[in-house]
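Trainee: Quick one, fold the following:
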Amino acid sequence: MKVTDPEVRFTFEASEAIWRSESGAPAPARIFRVGDTLTADGALSRVRRGEHLLYGGDFHNARQLLSAMSRRLEKHKPRASGAPLESFRAERIARQREHETLSRILVVLDAGYASSLKRAPKVAEACTSVWGPATAPTFVPLKTLLGILGAAEWYRKGLEVPGLTGRLHPRYGVFLPTRSEYLELLVQAPDPAGKRVFDIGTGTGVLSFLLLQRGAANAVGTDVDPRAIACARENAERLGLAGRFQAQEKDLFPDGVADLVVCNPPWIPEPPKNRVDRAVFDPDNAFLEAFLAGLPRHLAPGGQGLLILSNLAELLGLRAPTFLTERLAKAGLEVAFRHSAAARHPRAHDHAEPLHAARSSEVTTLYGLAASR
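Mentor: Just a heads-up that it's a prediction; the model follows:
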């Protein structure tokens with residue numbers, strides 16, 4: 001899937017400006033200036049009429065306004081009920097509406113990514129790392145800007161990953177590997193010492209790095225998102241693995257064959273709503289099917305595929321329980337081994353979560369795949 005450039009040029013008050021949207025939303029047609037006297041109820045009323053509101057007061061007040069709006073939306077959100085699939089889709093629609101509503105509160109940054117809001121933090125470094133140098137004033141949803149600032153803090157601190165020596169530094173827009181169970185499963189894979197690795201959908205590069213630190217000879221990670229490629233390369237440098245790791249911007253496989261081909265594909269077969277969603281949502285299982293179909297051609301003799309996959313889609317009724325077995329047979333693959341782990345993330349234990357029944361039963365499995373004899 002091609003990455004859409006989030007920069008759009010438009011005119012505001014007779015001046016050229018840049019509109020940034022991670023979800024591909026069009027540039028605002030109706031922008032109205034507001035300030036610290038705006039209430040959450042007033043803001044919700046106006047954005048529901050189709051207005052975009054450009055905040056011009058205090059940065060901390062703007063952030064509090066956004067939080068108050070979010071609380072009101074959560075309070076009045078219809079509670080999902082019925083079958084798991086109905087609950088999942090209702091919850092997703094509600095989350096999308098909330099995102100669209102909150103994204104109508106805007107801030108403007110000047111041509112150096114500085115904000116004129118009172119008590120605004122310095123955001124130029126964080127914005128430049130995501131968008132590159134500014135060439136004009138930038139209009140951006142406050143929600144997006146806060147996400148960029150939060151990601152910058154993750155990047156600064158780094159993330160401890162079970163089994164990884166050294167910290168991982170994720171960039172904004174790249175899937176954050178905070179669910180440890182799928183990473184810990186990789187430790188149960190066969191000894192990778194001396195083996196060549198392909199890592200399909202590499203993201204931060206974490207799966208490659210875990211295998212390289214266990215002795216793999218080299219690894220090639222692929223991803224469709226240039227942010228992920230930059231992130232993986234940078235992490236390889238930080239971990240001292242750049243000499244044994246390459247990152248390539250590709251849909252799926254690099255050229256050639258490997259002894260181990262590892263993949264943690266998106267696990268929900270539904271359309272993504274934005275760039276980050278593509279790490280979780282795979283429309284019609286297209287990525288998973290293409291990976292399985294192409295895997296045999298990219299395995300060296302005696303090589304194995306390492307597929308890490310959650311069963312949440314089956315629990316929600318989005319994928320048939322026989323799907324994987326049928327696709328493996330069609331691709332000429334067989335399961336050499338499997339290891340599973342129950343979900344440990346907070347939503348799996350939250351009884352107020354609308355999808356608790358499914359999430360509490362979620363299992364992630366590492367499948368060792370080999371070409372059928």
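
Trainee: and T325, what element?
Mentor: Taking DSSP states H and E as the definition, one finds T325 inside helix 323-331.

Trainee: Name the residues that touch that helix?
Mentor: Helix 323-331 has contacts (CB atoms under 8 Å, 6 or more residues apart in numbering) with 285, 288-289, 292-293, 295-296, 309, 314, 334-335, 367, 369. No exception for glycine: its C-beta is placed from N, CA and C like everyone else's.

Trainee: Now intersect the residues you listed with the helices, please.
Mentor: L288, E289, L292, A293, E314 (DSSP state H).

Trainee: Determine which two of those are furthest apart.
Mentor: Largest separation among those by CB to CB: A293 and E314, giving 20.2 Å.

Trainee: Pick out whichever of those two has more residues nearby.
Mentor: E314 (20 against 15; other CB atoms under 10 Å).

Trainee: and this protein, what are its domains?
Mentor: Here the domain parsing of the chain from automatic domain parsing is 7-154, 161-371.

Trainee: will you turn those into CSV that also has mean pLDDT?
Mentor: Converted to CSV, the domains of the chain look like this (pLDDT from 0 to 100):
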stretch, mean pLDDT
domain 7-154, 92
domain 161-371, 92
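
Trainee: Ranking these by mean neighbour count, which comes first?
Mentor: domain 161-371 (a mean of 19; mean count of other CB atoms under 10 Å).

Trainee: any idea how far that domain is from the chain center?
Mentor: Centroid separation for domain 161-371 versus its chain: 13 Å, with CA atoms, centre = their mean, to the nearest Å.

Trainee: Now do the end-to-end distance for that domain.
Mentor: In domain 161-371, first residue to last residue: 31 Å (CA to CA, to the nearest Å).

Trainee: which outside residues touch the longest helix belonging to the chain?
Mentor: Identified as the longest helix of the chain according to DSSP H is helix 84-102. Helix 84-102 has contacts (CB under 8 Å, 6+ apart) with 23, 25, 44, 47-48, 66, 69-70, 73-74, 77-78, 80-81, 141, 143, 270, 273, 315-318, 354-355, 357-358.

Trainee: Which of these fall in strands?
Mentor: Members of the contacts of helix 84-102 lying in strands (criterion: DSSP state E): P141.

Trainee: so what strands line up beside whichever strand in the chain runs longest?
Mentor: Across the chain, the longest stretch assigned as strand under DSSP E is strand 299-310. Counting by DSSP bridges, the strands paired with strand 299-310 are strand 258-263 (parallel), strand 363-371 (antiparallel).

Trainee: Could you check the angle it makes with helix 286-294?
Mentor: Relative orientation of strand 299-310 versus helix 286-294 (axes from the mean of the first three to the mean of the last three CA atoms, to 10 degrees): 150 degrees.

Trainee: Greatest separation within the contacts of helix 323-331: which pair is it?
Mentor: Spatial extent of the contacts of helix 323-331 (CB to CB) is set by the pair P296 and E314 at 24.2 Å.
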